[in-house]
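Engineer: please find the sequence and the predicted model below.
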Amino acid sequence: MQKLYIIKIGGTLIDDKKALKAFLAQFSEIKEAKILIHGGGKIAETLAEKLKIRQTMIDGRRITNKKTLKVVTMVYAGRINKNIVAKLQSFDCNAIGFSGADGNVIKAEKRQHPEIDFGFVGDIDEKSINHELIINIINLGLVPVFSAITHDKKGNLFNTNADTIAGTIAQALSKYFDTELLFCFDKNGVLENIEDDNSNLKTINKQEFSELKSQGKLHKGILPKLENAFKAKENGVQKVALIKEEKLSDQIKLRNEGTEICL
Ligand SMILES: Nc1ncnc2c1ncn2[C@@H]1O[C@H](COP(=O)(O)OP(=O)(O)O)[C@@H](O)[C@H]1O
Ligand SMILES: CC(=O)N[C@@H](CCC(=O)OP(=O)(O)O)C(=O)O
């Protein structure tokens, strides 16, 4: 099977102009087929606060009312997505940007919860992904760049966690490609001690994940990231790892950076 890299980046990196440029230069160097998925939660949060729109996160998801939906659509599918595509073009990487509505590429359903109304938050599964379109885009030699905006095919846009989008696209494409899913972030992988960036685990399985969680060693963003990583691995993604952004090129050279997900 042909190799495919699916790479996810988040708001902390995107907010750092210099680091983002350096990362995109590394990404452009990858010779194999590749896809980039980006979040940008931190940037949407800053803009929403400036506009005095109060923000609430529950279970790693942003409660998305009408006003917040306008902000995240502008920030994720607009400014960030187009900026990344333009930067990639400057590195001779022929990128093409998507929201989930473009080409009906990611169809979501409004998140259902017995007590909480998440507003315009979309949940997705493998069937949500228009894998034929993505495969055609890759076969044209283009590099798809996905934002965290999806749609319901009834005219509504939704906000969907970017780690979930990365994991779900990887699941859908692992039937057609030898897929490596890399969650790139600001730490050296899963750390035993959050204060020590050298305390990363080389591998992590479900039991070790539960142990670290019950010891209170995993907080904030790492929890949904790991849940998505395990789900992808359990559903057939050939290789899944969490790595530091600066180590992308080393990982591609098979240096096995960060923390690899094991079953
Ligand atoms: N044990 C841990 N190992 C690594 N990161 C951790 C750990 N516990 C908490 N974190 C936090 O999780 C963050 C990554 O999640 P998040 O901020 O959502 O990333 P992104 O926005 O890049 O998707 C790290 O920056 C770190 O502060
Ligand atoms: C529903 C929901 O929570 N969506 C996320 C989408 C962006 C994201 O995931 O950004 P990072 O990867 O930078 O965290 C949010 O609005 O924060």
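Structural biologist: Yep, it's here. Numbers count the residues shown, from 1 in each chain. Ligands and ions are numbered 1, 2, ... in the order given.
Engineer: residue contacts, the closest residue to ligand 2 within the stretch 1-150 of the chain?
Structural biologist: Closest contact between the stretch 1-150 of the chain and ligand 2, by CB to the nearest ligand atom, is at G39 (2.0 Å). Where C-beta positions appear, they are placed from N, C-alpha and C, glycine not excepted. G39 makes contact with 8-11, 14, 76, 148, 161-163 under the criterion CB atoms under 8 Å, 6 or more residues apart in numbering.
Engineer: out of those residues, which are close to ligand 2?
Structural biologist: Counting by CB under 6 Å from any ligand atom, 10-11, 148, 161-162 from the contacts of G39 sit close to ligand 2.
Engineer: helices - which of the residues you listed land there?
Structural biologist: If you go by DSSP state H, those have 11, 162 in helices.
Engineer: looking at the ones next to ligand 2 among the contacts of G39, which is nearest K202?
Structural biologist: The closest of the ones next to ligand 2 among the contacts of G39 to K202 turns out to be G10 (CB to CB; 22.3 Å).
Engineer: surely that closest one meets I43?
Structural biologist: No: G10 is beyond contact range of I43, at 10.1 Å (criterion: CB atoms under 8 Å).
Engineer: circling back: I'd like the distance between the closest residue to the residue of the stretch 1-150 of the chain closest to ligand 2 other than its chain neighbours and I106.
Structural biologist: Distance criterion CB to CB, 6 or more residues apart in numbering; nearest residue to G39, sequence neighbours excluded, is A162 at 3.3 Å. Separation of A162 from I106 (CB to CB, to the nearest Å) stands at 11 Å.
Engineer: re earlier: what about the residue nearest to G39, how many neighbours?
Structural biologist: 26 (other CB atoms under 10 Å).
Engineer: likewise N139?
Structural biologist: Close neighbours of N139, defined as other CB under 10 Å, add up to 10.
Engineer: for it, give me phi and psi.
Structural biologist: phi -70, psi -20 (degrees, to the nearest 10).
Engineer: and what of D178?
Structural biologist: Torsion angles, degrees, to the nearest 10, at D178: phi -80, psi 100.
Engineer: which residues does it contact?
Structural biologist: Here D178 is in contact with 1-4, 238 (CB under 8 Å, 6+ apart).
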